[in-house]
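Q: next comes the sequence, and after it the predicted model I'd like to discuss.
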Number of protein chains: 2
Amino acid sequence: MVLAMIIMQVMAGETVFVTGAAGFVGSHTVLELLNSGYKVVAADNLCNAQKSKDGVLPESLVRVQKLTGQTLDFYTVDLQDKQMLIDIFSKYTWYRSCVMCVVQHEIACVIHFAALKAVGESCKIPLAYYRNNLGSSVTLLEVMREFGVRRLVFSSSATVYGSPLYLPLDEDHPVGMSCTNPYGRTKYFIEEILHDVAQSEKGWHIIILRYFNPIGAHPSGQIGEDPQGTPNNLMPYIAQVAVGRRPRLQVFGDQFKTPDGTGVRDYIHIMDLAEGHVAALKYLDSCEGTKPFNLGTGRGYSVLEVIKTFEEATGMPVPYEIVGQRDGDVDSMYANPARAEKLLNWKAKRDLHEMCKSFLSKISRLDTLI
Amino acid sequence: MVLAMIIMQVMAGETVFVTGAAGFVGSHTVLELLNSGYKVVAADNLCNAQKSKDGVLPESLVRVQKLTGQTLDFYTVDLQDKQMLIDIFSKYTWYRSCVMCVVQHEIACVIHFAALKAVGESCKIPLAYYRNNLGSSVTLLEVMREFGVRRLVFSSSATVYGSPLYLPLDEDHPVGMSCTNPYGRTKYFIEEILHDVAQSEKGWHIIILRYFNPIGAHPSGQIGEDPQGTPNNLMPYIAQVAVGRRPRLQVFGDQFKTPDGTGVRDYIHIMDLAEGHVAALKYLDSCEGTKPFNLGTGRGYSVLEVIKTFEEATGMPVPYEIVGQRDGDVDSMYANPARAEKLLNWKAKRDLHEMCKSFLSKISRLDTLI
């Protein structure tokens, strides 16, 4: 019986516990995991997710199931609720009831996305960000330790680099010194906590993924980002202007030290990013302790270049106006993605044109947007 | 009636909520507060404190009451227990039941000492440090906000400076870049959280006190530091050797870049430190947002100088041996205490000789040590 269960496990692929699974990066990664043969146990507190009509899964994951033809297990849980997290891990842990005492965890590893992520909001209610982002990460790590699950992929951000001392940014660039907002600081703090945890005992395999600027959507346009209210990021803002939800785009400053004066960022297609997570999972066992990886294209685009490319890709005009520069915005940020290419065998494949086009496919399904 | 209560309040002095009140710095500060006419509401989870025979107050605070002839209110509470903290704040808040709706908080300000503080232990069980030190601080701040109490003195550490870029260390020296242990990082993280909180809304008055190396004891020898197990700090270690509890002192390295090769630190008498807290309380209203202050003497002593001074002051020999240097130990650390002298009108008055003598008075009461 035990043997049969283990064989089933191997056949079915490793089970990955995914926190924040209903979100933008989470849902695209879950889709990629299911397509790659992994089993997924998904969790989300649904604080930023649209519920589905059936009421069990969030709408994004209902669509992921349809798109992949696979199913997943889902739990509505706040990660700060330690007991509920223990109950979930218990449910997927066999060795406790196993006669032969084979230590076989069905949850083989964790991808931790769950976090509040709005930069502006984090400046207004910092305590909520510290409580939620730090509290949930510490609780998750405690429960992982308790269950002997020490393989983790953590969703970090290029924000931890602060204002670049040099470009392109490699993973050895100092972090934490010039984070300009509480959101970025929670990511930096959690990175530091992870280093300390891995230092405190052997056996941890932790990959830290530092995202540059994820945009775009799954080619189906069924899942993607569509923030309510004023978007924090450029691409959703552009999209809302293109479809007439807002009269024009505000471009924050044209006096940056860049060729056309507008800020330069490294935009990465959400599907490339999702694939980066699967590549990271495959490398986990080779990673002793913690190791950070940039996930970016290595190519920066200015705001005006993005607008132009979007107009070309979609045929939709994007009126804009130049307004004042925002505090803390840096001239240019783009990745040196060499480490990920070398060790994870991963490289961003999709260009800005494709990122814009995938937004178009999403825009054309506005009525079903989540 | 309301007027009478307010008048009573003013006569009795402001009420200070003190967390971690049973500890080394906490108990000496409570003593100083009571002697200065403040009312004290004290809290501690007693995880590192000796209980008294009467079972209500910890032994250190029983002694503080005897030494001052004053009483205080005490609550055994883990600060992460938000509801219990709310209950305590509610008990000391009048305006809720007040007919005239005069907003009068009996808790006027908070001094926040509560934290796990053993450097070595923090490397072994970092998650416990992050959960406890960050969780308790965030919860305390949330409850303070809820009750409109926005005056805080926070117990930080010179550890946040990491390896000094220059000496003496002033408050503008960079922090957080080379903290060598999770304990130090929790202090740095909380400082950052405090900056963000003060930035997020007006009305906060937060003083951050960065202690150098507090040693010594109240002249009575009734309260003081006597760690169980191997002490982390030099002075308790010396004291344990002097009274024969340990055969000899281990001096970690004699190849530092200092006159005699042993590490140089800025030792500050615990009573000076306690007085620094009262000085900080008096300055709180002049401090908009956050402001850090060094509490140190400005004078560094090497390990060998401390040993020699202790032997001279107490007449007790302290045998020692030189052993290997510890990871992360820096050559020299001492404060520039000018800001505290200028703004808080505070200066350390007691010299190393007196710090050692106060230890002697404590040692001579070994049977009653806590």
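A: Looks like it arrived, so ask away.
Q: what does chain A have sitting close to chain B?
A: A:123-127, A:130-131, A:134-135, A:138-139, A:141-142, A:145, A:174, A:176-177, A:182, A:185, A:189, A:192-193, A:196-197, A:199-200 (Cβ under 8 Å from any Cβ of the partner chain). C-beta coordinates here come from the backbone N, C-alpha and C atoms, glycine included.
Q: give me the buried subset of these.
A: A:123, A:125-127, A:130-131, A:134-135, A:138-139, A:141-142, A:145, A:176, A:182, A:185, A:189, A:192-193, A:196-197, A:199-200 (16 or more other Cβ atoms under 10 Å in any protein chain shown).
Q: can I get the host helix or strand of A:Lys282 in CSV, CA atoms only?
A: Assigned by DSSP states H and E, A:Lys282 falls within helix A:270-283. Coordinates of the C-alpha atoms in helix A:270-283 are reproduced here as CSV (Å, rounded to 0.1, in the frame of the first residue of the first chain):
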residue,chain,number,x,y,z
ILE,A,270,4.3,37.0,-17.0
MET,A,271,4.5,33.7,-18.8
ASP,A,272,8.3,33.9,-18.9
LEU,A,273,8.1,34.7,-15.2
ALA,A,274,5.9,31.7,-14.5
GLU,A,275,8.3,29.5,-16.4
GLY,A,276,11.1,30.9,-14.3
HIS,A,277,9.4,29.4,-11.2
VAL,A,278,9.3,25.9,-12.7
ALA,A,279,13.0,26.2,-13.6
ALA,A,280,13.7,27.3,-10.1
LEU,A,281,11.9,24.3,-8.6
LYS,A,282,14.0,22.0,-10.8
TYR,A,283,17.2,23.6,-9.5
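Q: what comes up buried for that helix?
A: Buried, per 16+ other Cβ under 10 Å, within helix A:270-283: A:270-281, A:283.
Q: just stretch A:320-339 next, same as before
A: Under 16+ other Cβ under 10 Å, the buried positions of stretch A:320-339 are A:320, A:322, A:330-337, A:339.
Q: what are the boundaries of the strands in the stretch 251-370 of chain A?
A: For the stretch 251-370 of chain A, the strands defined by DSSP state E, counting those that start in this stretch occupy A:264-265, A:267-269, A:289-295, A:301-302, A:320-323.
Q: okay, these in TSV with mean pLDDT and distance to A:Val243 next?
A: Shown next, in TSV, are the strands of the stretch 251-370 of chain A (pLDDT from 0 to 100; distance: least, Cβ to Cβ, whole Å):
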stretch	mean pLDDT	distance to A:Val243
strand A:264-265	96	22
strand A:267-269	95	20
strand A:289-295	98	28
strand A:301-302	96	21
strand A:320-323	96	15
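Q: going along the chain, name the strands of the stretch 51-200 of chain A.
A: A:73-76, A:107-112, A:151-157.
Q: run the chain-centre distance for the shortest one.
A: Here strand A:73-76 is found 18 Å from its chain centre; the criterion is Cα atoms, centre = their mean, to the nearest Å.
Q: try stretch A:258-267
A: On Cα atoms, centre = their mean, the centre of stretch A:258-267 falls 23 Å from that of its chain.
Q: first vs last residue of that stretch, how far apart are they?
A: Start-to-end span of stretch A:258-267 (Cα to Cα, to the nearest Å) is 16 Å.
Q: and the contacts of that stretch?
A: A:158, A:212-215, A:234-235, A:251-256, A:296-306, A:329-335, A:352, A:355 (Cβ atoms under 8 Å, 6 or more residues apart in numbering or on different chains).
Q: just the buried residues of those residues.
A: Buried among these (16+ other Cβ under 10 Å): A:158, A:212-215, A:234-235, A:251-254, A:256, A:296-306, A:330-335, A:352, A:355.
Q: in the stretch 201-350 of chain A, which residue sits closest to chain B?
A: Closest residue of the stretch 201-350 of chain A to chain B, Cβ to the nearest Cβ: A:Glu201 (8.3 Å).
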